[in-house]
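> Build me a model:
(2 chains)
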Amino acid sequence: MNEITIFGLTKNFGELVAVDHMDLNIPGGTIFGLLGPNGAGKSTTTRLLSTLLQPTDGTARVSEFDIIQEPVRVREITGVLPEESNRTVYPGMTAYENLEYFARLYDVPEEEIPARIEELLTFMDLWDRKDDKAGELSTGNRQRVALCRAILHRPTVLLLDEPTSSLDPLAAKRVRELILELSKKYKQTFLINSHNLPEVQRVCNRIAIIDEGKVLLQGKTQELRSQLLSKQKFRIRIVGDIEKASSIAKSMNFVEAVKEEVDSILVTIEDPTENNSSLMQNMLSQGIKIVEFAEEEATLEDLYLEVVKGGIQK
Amino acid sequence: MMRKSLIVAKTDFKNALDLRFVKMGLIMSVAFGPVMVILMFVSLTALIPPSEMAFAMLFLRPMVPSIIGIFAIIPTTMISANALVGEREQNTLEPLLCTPLTDRELLLGKTLAGAIPSLIILVASTIISVVGVAVLTVVMGFPMVIALDLPGVFLLATSVPLMIFAVVAVMIIISGRVTRVYEAYQMTSIIILIFIIPMIMPLLGIETGVPNEAVWFSNITTLIIVAMVFVIGWALALKLFNRDKLVSMV
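Prediction:
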């Protein structure tokens, strides 16, 4: 069953069409990645779903609630992590006070508030810092407080806008782990906007690529990758002359592209089942020492570039 | 509705107190109004012969509600500036708008955050001023002086509370046009100067000894101006205060 259903959603800012008749279905319990270049309409979509903005046309349903007809109900069941959310906590209030304030606004029963805050801050490794003013916490810790704030009322849907932007790699990794842990623990539906393609690849089980407010492609992450990337890429790690290995590969007519790296070359091969052995034999016969010949996993970045640059329609 | 609005109001007030200029402003507002009124009366009582006191009172009494009013309104400008523009400045507005608060609950919360402290200060300053002047004049051996007359009570009971709420409306209107709390505070402070009218206008009839009619006329004129600011301000503020517009400003 779809947890989020978007029908012909449109948002204009004057002449600018930020979201253009978007249709999208997000099944319950999925971690859904919304990808797209700057200005593609990702944040506007999130803001429309969180009822912060009124659509110009179309509508959407979050669980069984319509974003136009029942915005308060939508907000009750939705947790939102805005863009640059580490800057959205009240700096003069402690981590605990920030969460207590929002717990009351989200109607968390008064007697449950202390236990929930303790559970979440402990889960985020922040219980020891609960009495520190949010303004004195590190960027990563403020981001965690913001994440606690988003899930404090146990929403069924979480809208996360660039959840790891402005975080250092370690903090970003921790946030990714938290998203996966939360998904496992609370079975919520996540919609994540991100530029960070490796992150989406690691976390999201479904994705949509949007540009100019339109959905270009959507589906399961793994399926989309294998469907679109028909040509396979291989990494050949060698000892010795990289340039010689590269020129041998380029001379083979079934090799489409060659990219040199420090200790290896990346080759894109047509029909690898037939041609891999020829390439390997050719190299070995010319004295190239091959240490590794392995399939290079296609990344979401490849898919993204192919879709956005190639203008592939769904 | 009221419960959540009060939660917002309480938090906004607490957050405003974290700022030194707001804290100092509040202390000044509580202290300066009564201190000015008491000093004005007590010093004149000591300087002017008792036979001329009745005449001096004609000039002094119209000033009392203006002084108390101006100092009572200042906290509203500071707290509202922080609650409305400050939320944007600190980027804390968006998560607040994502909560199940309705626009009306949020608006009421923001209004009460600035209005309640000012209304408390207004009542407290009035009582302290009147009691302070009465007690001190008696203690100093002069006939008891009552600092506030009926037109003054009228001004304090009508124009000042109305102005406190009008300031919030003006703050909502300008919050979309300024980016810093200080700018909002300075811009809104200008409208407080309306209360110079009841302070100065009665003195125009100085040759005739400031008749009671002149005081009433200036106070009613002030009320009409304040009421206009209130009505126009809130009509515009209610139109501007909605999530879509607030988020577009973020």
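
> C-alpha only now, for contacts and for neighbours.
OK.

> how close does residue B:58 sit to residue B:30?
For residue B:58, the distance to residue B:30 equals 26 Å [C-alpha to C-alpha, to the nearest Å].

> Likewise for residue B:56?
Residue B:56 is 26 Å from residue B:30, where distance means C-alpha to C-alpha.

> Neighbour count: the two, which is higher?
residue B:30 (22 against 16; other C-alpha atoms under 10 Å in any protein chain shown).

> Tell me the confidence at that one?
Note on residue B:30: pLDDT of 87.

> Leaving out chain neighbours, which residue sits closest to it?
residue B:121 (6.0 Å; C-alpha to C-alpha, 6 or more residues apart in numbering or on different chains).

> before we move on, what about residue B:62?
Residue nearest to residue B:62 in three dimensions, not counting chain neighbours: residue B:199, with 6.0 Å by C-alpha to C-alpha, 6+ apart.

> Hmm, residue B:66 and the one you found touching each other?
Yes: counting by C-alpha atoms under 8 Å, residue B:199 does reach residue B:66; the two are 5.9 Å apart.

> more crowded one of the two?
Counted by other C-alpha under 10 Å, residue B:199 and residue B:66 do not tie: residue B:66 has more neighbours, with 27 against 21.

> Look up how far residue A:224 lies from that one.
For residue B:66, the distance to residue A:224 - C-alpha to C-alpha - is 72 Å.

> rewinding a little: would you check how far apart the residue nearest to residue B:30 and chain A are?
25 Å (C-alpha to the nearest C-alpha, to the nearest Å).

> Where does pLDDT dip in chain B?
Along chain B, segments meeting pLDDT under 70 span B:1, B:205-210, B:248-250.

> what do you get for the stretch 101-250 of chain A?
Short version for the stretch 101-250 of chain A, where the test is pLDDT under 70: A:166, A:225-231.

> again, 90 this time
Within the stretch 101-250 of chain A, the segments meeting pLDDT under 90 span A:120, A:123-126, A:138-141, A:143-144, A:147, A:162-188, A:194-202, A:209-213, A:216-235, A:238-244.

> tell me which parts of it are close to chain B?
Contact residues (C-alpha under 8 Å from any C-alpha of the partner chain) of the stretch 101-250 of chain A with chain B: A:101, A:102, A:104, A:105, A:106.

> Where does the stretch 201-314 of chain A get nearest to chain B, which residue?
residue A:213 (17.4 Å; C-alpha to the nearest C-alpha).

> what about the closest residue in space to that residue that isn't next to it in sequence, distance to chain B?
Sequence neighbours aside, residue A:19 is the residue nearest to residue A:213 in space, at 3.8 Å (criterion: C-alpha to C-alpha, 6+ apart). The gap separating residue A:19 from chain B is 15 Å, by C-alpha to the nearest C-alpha.

> which phi and psi does the residue nearest to residue B:30 have?
phi -60, psi -40 (degrees, to the nearest 10).

> How many residues are close by it?
Neighbour tally, residue B:121, other C-alpha under 10 Å: 23.

> go on, residue A:240?
Residue A:240: 14 neighbours (other C-alpha under 10 Å).

> Thought residue A:288 was touching it, still the case?
Yes: look at residue A:240 against residue A:288 with C-alpha under 8 Å: they come within range, at 6.9 Å.

> Tell me which other helices or strands whichever helix or strand residue A:219 is part of touches.
For residue A:219, the host element (DSSP states H and E) is strand A:214-220. Here strand A:214-220 touches strand A:16-27, strand A:206-211, helix A:300-310, going by 3 or more C-alpha pairs under 8 Å, 6 or more residues apart in numbering or on different chains; DSSP states H and E.

> Identify, out of these, the most deeply packed stretch.
Per residue and on average, the most neighbours among the helices and strands packed on strand A:214-220 fall to strand A:206-211, with a mean of 24 (mean count of other C-alpha atoms under 10 Å in any protein chain shown).

> could you check the angle strand A:16-27 makes with that one?
Strand A:206-211 runs at 170 degrees relative to strand A:16-27, counting by axes from the mean of the first three to the mean of the last three C-alpha atoms, to 10 degrees.

> Now do strand A:206-211: everything it contacts.
A:30-37, A:39-42, A:215-221, A:304, A:307-308 (C-alpha atoms under 8 Å, 6 or more residues apart in numbering or on different chains).

> Give the pairing partners of it; include direction for each.
strand A:31-35 (parallel), strand A:214-220 (antiparallel) (DSSP bridges).

> Report the distance from the longest one to the chain centre.
Distance of strand A:214-220 from its chain centroid, counting by C-alpha atoms, centre = their mean, to the nearest Å, is 14 Å.

> Report the buried residues of that strand.
Across strand A:214-220, burial judged by 16 or more other C-alpha atoms under 10 Å in any protein chain shown covers A:214, A:215, A:216, A:217, A:218, A:219.

> which residues in the chain form helices?
All of this is about chain A. A:42-49, A:71-76, A:95-105, A:113-123, A:139-151, A:169-186, A:197-203, A:221-228, A:242-251, A:272-285, A:300-310 (DSSP state H).

> Chain B is the one I meant
Going by DSSP H, chain B shows helices at B:2-17, B:20-47, B:50-60, B:63-81, B:87-89, B:93-97, B:103-139, B:150-157, B:159-175, B:181-189, B:197-200, B:212-240, B:243-249.

> most neighbours per residue, which of those helices?
Ranked by mean neighbour count, the helices of chain B are led by helix B:63-81 with a mean of 27 (mean count of other C-alpha under 10 Å).

> Mind giving me the packing neighbours of that helix?
helix B:2-17, helix B:20-47, helix B:103-139, helix B:150-157, helix B:159-175, helix B:181-189, helix B:197-200.

> Go ahead and confirm residue B:129 touches residue B:136.
No: applying C-alpha under 8 Å as the test, residue B:129 and residue B:136 come out as separate, 10.4 Å apart.

> thinking again about what came up before, and the strands paired with strand A:206-211: which comes nearest residue A:284?
Nearest of the strands paired with strand A:206-211 to residue A:284, taken as C-alpha to C-alpha: strand A:214-220 at 39.7 Å.

> Next up, the contacts around residue A:188.
A:28, A:29, A:30, A:155, A:156, A:157, A:158, A:182.

> Go again with 10 Å.
A:3, A:28-31, A:151, A:154-158, A:179, A:182 (C-alpha atoms under 10 Å, 6 or more residues apart in numbering or on different chains).

> Contacts for the strand holding residue A:219 next, please.
Counting by C-alpha under 10 Å, 6+ apart, strand A:214-220 makes contact with A:8-10, A:17-26, A:30, A:32-36, A:40-42, A:204-211, A:224-225, A:304, A:307-308, A:311-314, all of which sit outside it.

> That one vs helix A:42-49, what angle?
With the same axes, to 10 degrees as the basis, strand A:214-220 and helix A:42-49 are set at 80 degrees to each other.

> Dump strand A:214-220 to CSV, keeping only the CA atoms.
This file holds the C-alpha atoms of strand A:214-220, laid out as CSV (Å, rounded to 0.1, in the frame of the first residue of the first chain):
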residue,chain,number,x,y,z
LYS,A,214,9.1,16.4,-13.3
VAL,A,215,9.7,12.8,-12.5
LEU,A,216,12.1,11.4,-15.1
LEU,A,217,12.4,7.9,-13.6
GLN,A,218,11.3,6.0,-10.6
GLY,A,219,11.6,2.5,-9.3
LYS,A,220,13.6,0.1,-7.1
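
> Now the residue nearest the centre of chain A. Nearest residue, chain neighbours left out?
The residue lying closest to the centre of chain A (C-alpha atoms, centre = their mean) is residue A:200, at 3.3 Å. Nearest-residue entry for residue A:200: residue A:33, 6.1 Å, with adjacent residues in sequence omitted and distances by C-alpha to C-alpha, 6+ apart.

> That neighbour contacts residue A:194, doesn't it?
Yes: between residue A:33 and residue A:194 there is a contact under C-alpha atoms under 10 Å: 7.1 Å.

> more neighbours, the two?
Neighbour tally, residue A:33 and residue A:194, criterion other C-alpha under 10 Å: the higher count belongs to residue A:33, 27 against 23.

> Much appreciated, bye for now.
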